[in-house]
Every structure is written in C-alpha cells, then in structure tokens.
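1. make a model of this:
(chains A and B)
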Amino acid sequence: MAQVEYRHATRIYPGTSAPAVSALELEIQDGEFMVLVGPSGSGKSTALRMLAGLEAVDEGQIFIGDRDVTDVQPKDRDIAMVFQNYALYPHMTVAENIGFHLKIKKRPKAEIKQRVLEAAKLLDLEPYLDRKPARLSGGQRQRVAMGRAIVRQPQVFLMDEPLSNLDAKLRVATRTQIASLQRRLGVTTVYVTHDQVEAMTMGDRVAVLKDGILQQCDTPRALFDHPVNVFVAGFMGSPAMNLIELPVTEAGVSLSAAQIPLSPAQRAGVTGDKVTLGVRPEGWDIVSPAEGLVATVEVVEELGSDSYAYVTPKMEGFDDGRTIVVRAESGAHPPQKGEQIGLRPKTASVHLFDTTSGLRLSE
Amino acid sequence: MTATTEVSDTPVIKPGGAKEVRRAFSSRTASILIIVLTILWTIPTFGVFVTSFRPGHDVANSGWWEFFVHPKATWENYHTVLFVGGSGVTGGIIPYLVNSLVITIPATLISLTIAAMAAYCIAWIRFRGSDSIFFFIFALQVVPLQMSLIPLQRFYNLGAHIGTVPIFPALHLGQHHPIVQIWISHTMFALPLAVFLLHNFIAQLPRDLMEAARVDGANHFRIFRTIVLPLITPALASFAIFEFLWVWNDLLVALTFGGYNVKSTPVTARLQQMIGQYGANWQLLTAGAFVAIIIPLIVFFALQRFFVRGLLAGSVKG
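-> Okay, the predicted model is just below:
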C-alpha cells in the first residue's frame, strides 16, 4: 500500500501535437479511492495507463510510494489492473486466471491455491473456479478480472472503466461492491470512468479532466458545491447544471425579477461584460409567473421520487433550442406540460462564473 | 453466448461472410458440382492406386482402366518396393522413409519455432524499424527458391567474404552432416511465408490481453509461451501441416544439399530413382508413391483436431 504521485506528468502521442495528458499534478493518498473522470478524449485512461507503465511518460515523473517508477516496467511496479473488457486469458480456467501472477512469481502451489480460494470466496466465484471464461456471464467475468487484481495484494489497484460492459442494474450493484471491497482491503485505488454518477458515488476524491488537463480534484461534495469552472459545473451532476449567460449591471446580475448582487471580489474577477449564472435543477423555486422568470413547460420527466420539468424561458439572448431543467418539489403539485411558471433561483444555490475565462467567481 | 458470437471472436472469419458462404455451398447445384469435381480430382490418384497392384507387364502394355476388364492383381510391386529394391538399388524403401522423417520433422519444428518468435517480436514489441523488417521479410517471398540454391551451396562450402575478409566461416556440413544443411535450407525457405502468416494471426490477438499479462508480471518470453502460443494453435497447426507436406514432397532442396546418399536421401529422391533410367518401372513408382503418402496422411489427421474456432471466446467483451 502506498501513495501515488503524478509530478508534472505529460504524455504526447507520437504524431500528435497536443498532449493527451498535460502536466498532470496529482497526489493520491495511501488507501484512497481516487476517481479520474472526464468526457472521452480527456486523457483519463492515458493517465491511468501511464501509472500502469503501459504508456510512456514524456515529461515529468510518477511516484508509487517513495519510488520513482517513471521508467519502470509494468511488471516491476507492483500494481494490478482491471481492464474495461476484462482481458481474461481465454485458455485458462478461472483459477488459473486469478493465480497467473502468483505462478509467475513462483509461489508454492499450496499458497497459490489458498490465495486463489480466498479471492474467489470474496467475490463469490468459488463454484466457477474450474470454468473457462467463455462459459461465464459478463458479471462473472468482471469479478474474475477483479479477483486477478485482488489476489496480488498490490500497492495500487488500477481500474479502467471496469463497469462499462455491464448492464445498468448490475452496474449499480457492482459499483457498491467494488467501493466496499476497496474500503475493506484499504488498497490505494485509481479508478477511471466517464460516468459522473460512478465518480460521485465511489470516489473519496474525484479528479475531473478535460483535454488532458486536470480541472479540479476534490471530494465529490466539494466538486458538486464549489465547481471551479463552467466545465466542472456542467459535467458533475445529473441532470446537468443550468448555465445562463447574463450581462453585468451596476447592481449585479438580474434574472427577470431576481437580483443577484456581486461582491467586490466577484466583481474584480469579471474580465468581460458578462457572467455565467449556474443553477442546478434543484436550485430553483417555482413561483407564479408574475414573481419570477416566465417560462413555458415543454416536457415533464416523471422519475417517481422526483420529476424534472424542461422549460423554455422568455428571455432575451437565450437560445431558442435550449431549455432549463427544473426539479419540482417533491409532494408539491408538479407543473404540467404547456403551463406557464415563474422561476427564481434560491440564493444559496447560485454559482457565478466569469463568461470569458469560465472560472468561478468566489465570494 | 450463442454460436454466432463465438464465431465473431475468431480473428479470421467474419460471421456474416462465413454464413453466406456456407449457405451458398449447401445449395443442391453446388453440392452436385462439388461431388463431380471431387470425383474428377480423385480419378488420377485412383489410377495410381490401381496401377500399383498390376503386374509390370500389364502396366507397360495397357492403361489402368483395363484392369476392370482383365483383372490381374499382385502384391509383387509392394514387396519389391518395401524389401527388395530395384533399378540398381538394393534394399527397401524404409530407410528412405526414415530419412524423410528425419529431414521433415526438425525442418518443420525449427522453422515454426523461429517464425512464431519472430512474428511475436514484430507484432508486439515496439522498436524502431519493426515495420520495415516485416515488409522486408514479406518481400523475400518474391525470390524464387531455385535462384538461391547455388549461392546457398557456395555459402555453406566457402562461407561469406567481402573481398578477402571473411564475415562468416564456411560450415563444411556437406561432408558429414548433409541433413543439417537440408534443415537449415528448408528453414530459410519457409521463414518468409511463415513469419508473414503467423504475424497476421498474432497481431490480431487483443492488445489488452498482452497488457494484462505484462501488468501481471510476465516478461515477453513468458507472454509468448503462456498466452500467445496456446491461442495461435490453429495457425501453428495449419502451418505445420503446410510445411510438413512441402518438405516431405521436396526433391530439389534435398538433392542439392544432400545428394544421393543412403544416409540423407529422402523418399522422394528414392522414388525418382525407382522408375529406372529409362522410365521402365512404372509399377514400382506407383506402389512407392502409395507407401510414401501414408505418413503425410497421418500427420494431417493428427493435426486436424487443432483447427478449433473460438479460442478467444470469453477473453475480451467484443
């Protein structure tokens, strides 16, 4: 078990000019569950593969524990990796798959058997130890891939979207299993996903990447409450935060009837003449049309516990095709399709960003 | 998992294409056509088979189909070929069959081993110029074998020189170890095609599988031995059969580098002698040919069971 540190780590694929991962600075504590999240092409998988040693580090260094592993072969890094498509050895049984590393390390047969059995028990794989991967279901294969990592007792677990090939229901169940397994084993884990729900639910901390650049790394709660820029604000949370560009006036920012004052610090951060107002779906108060921003309800999504209304505001400078998502208060009478409502942001739920730079305007 | 998805896991055959081809071949006209072709194809072999049981006098005077009008069969030809000899040679064919095996089995194994390793290196170890090397090896197939016989013979006997500076010593194997020369030559001639075919097969193994093994602590040799070799057995088996038949049926290379010599001459050279200087002993050639066919048939049926589809099933989600 060890901490992991990226120091200015950069990867530029041959033949491309833009780095896939650019000067990544990230410290992962001992035993921490770190999730790397971002849209496709954000460099999250590359960052993971750099840590695994499967991808060269063009600049900077990577440390596992106190050891500089930048130029160390994957097999000597003491890491275990779970691949997106599991990459099981198809000609070996489940037991042989799980015990492959131990066999390479020339552990005694009895020890291999013992440790494989322990890992299999942990993952409910005991009945399948003699089967080949072809005769397993998707979920079982995924568990074998996990078993192959667990049995090694490595310093770091690396997981590259291990749930993306499972169906939705199994994914949610396995998500919890992996998280609780990691807490129990206490092994430092780096987990890559494009799914922000997975990131929020599993990670001790979450690092958001975009275009190879680390945007923000913090606890899920902090990411959700204090996104540092427009990208993180829009990426984390589902449905996504509503982002509305508004001109800055003397009094601050006005959204129909609602006035949002800017603090001196915030005002100093504005580089252009506009700010981006961010309000999450649950950050709106639904009021009568006279009291707030007038909007027409286009669609209502009923999810049982919640309902989300997609509304078109009557507002100058707001693109026609776009809608604002509003969560209707539970228990209250949900807005109906075609109905006119008024919207007012709750004071505590307002996020302000500088439109030109995209950075958060903090109070 | 259904059968179709397992087919899709094999690197060579696309499920849609294979299915269509299978359907096209199972139609009635296609079946009849194939049966007719098969019969036409088998007639010459059948003729040889019949001839091998006819007395020499009959063979010289009438065609093999006359056998059905005037049936006269004898074991004489097989007896002569196996135990007596003929055409100026005493002794049966058995030592030559053994020679053929001694030539063929190592030649096949050596070329297969080297080719598989080379193919793995070119396909999965990144190094500068790996693509160029692959294309160069592939291009070597253009060189006809016959063109290289004399240069190769000179190389064995004299070594390689630039001016008067020797860069490779003469091996002098011809005198005492002609068979080693034959092995090396066959290996050389087989490598370009073998590397090419196996490379294409090995390069299609999933990348994640190699990476998983690397993370699991395997070095390249380990990956080659425990991951790659088991997964390419169908390719290895097909090339083994191919190379075995090629070497077994070879006359030119064996004669060039071995000469007529009871210690190294393969059965093909013996068959060529058997017909006699004036081509009079047809009946012996046919019998000898049938004796010589047996071993390739055994090899074919033994290796056939390795043609397994769907070896990669369950490895990576496709």
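2. give me every residue in chain B lying close to chain A.
-> B:1, B:6, B:206, B:208-209, B:211-219, B:222, B:226-227, B:230-231, B:310-318 (CB under 8 Å from any CB of the partner chain). All C-beta atoms are positioned from the backbone trio N, CA, C, and that covers glycine.
3. longest strand of chain A?
-> For chain A, the strand with the greatest residue count under DSSP state E is strand A:293-302.
4. drop anything exposed from the residues of chain B next to chain A.
-> Buried members of the residues of chain B next to chain A, scored by 16 or more other CB atoms under 10 Å in any protein chain shown, are B:6, B:206, B:208-209, B:211-218, B:222, B:226-227, B:231, B:310-317.
5. so which of these are in helices?
-> B:6, B:208-209, B:211-215, B:222, B:231 (DSSP state H).
6. show me where pLDDT drops low in chain A?
-> A:1, A:320, A:330-332 (pLDDT under 70).
7. longest helix in it, please.
-> helix A:168-185.
8. okay, now the sheet partners of the helix or strand just after that helix, with direction.
-> Where DSSP states H and E defines the elements, the next helix or strand beyond helix A:168-185 is strand A:188-193. Within its sheet, and counting by DSSP bridges, strand A:188-193 is paired with strand A:33-37 (parallel), strand A:156-160 (parallel).
9. tell me the angle strand A:188-193 makes with helix A:168-185.
-> 160 degrees (axes from the mean of the first three to the mean of the last three CA atoms, to 10 degrees).
10. what about the spatially closest residue to residue A:285 that is not a sequence neighbour, is that helix, strand or coil?
-> Excluding the flanking residues, the one nearest residue A:285 by CB to CB, 6 or more residues apart in numbering or on different chains is residue A:344, at 4.8 Å. Three-state assignment for residue A:344 (DSSP: H, G, I helix; E, B strand; the rest coil): strand.
11. what about residue A:344, distance to chain B?
-> Residue A:344 is 48 Å from chain B, where distance means CB to the nearest CB, to the nearest Å.
12. tell me the contacts of that residue?
-> Residues in contact with residue A:344 (CB atoms under 8 Å, 6 or more residues apart in numbering or on different chains) are A:257-258, A:284-285, A:287, A:291-293.
13. tell me which two of the residues you listed sit farthest apart.
-> A:257 and A:284 (13.3 Å; CB to CB).
14. for my notes, confirm residue A:216 occurs in a strand.
-> Yes. Residue A:216: assigned to a strand according to three-state DSSP.
15. residues near it, how many?
-> If you count neighbours by other CB atoms under 10 Å in any protein chain shown, residue A:216 ends up with 21.
16. contacts only, for it.
-> Applying CB under 8 Å, 6+ apart, we find residue A:216 in contact with A:207-208, A:223, A:227-229, A:232.
17. make CSV out of those and add neighbour count, secondary structure and distance to chain B.
-> Listed next are the contacts of residue A:216 as CSV, based on neighbours: other CB atoms under 10 Å in any protein chain shown; DSSP: H, G, I helix; E, B strand; the rest coil; distance: CB to the nearest CB, whole Å:
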residue, neighbour count, secondary structure, distance to chain B
A:207, 25, strand, 21
A:208, 27, strand, 26
A:223, 27, helix, 29
A:227, 24, coil, 34
A:228, 19, coil, 33
A:229, 19, strand, 34
A:232, 25, helix, 30
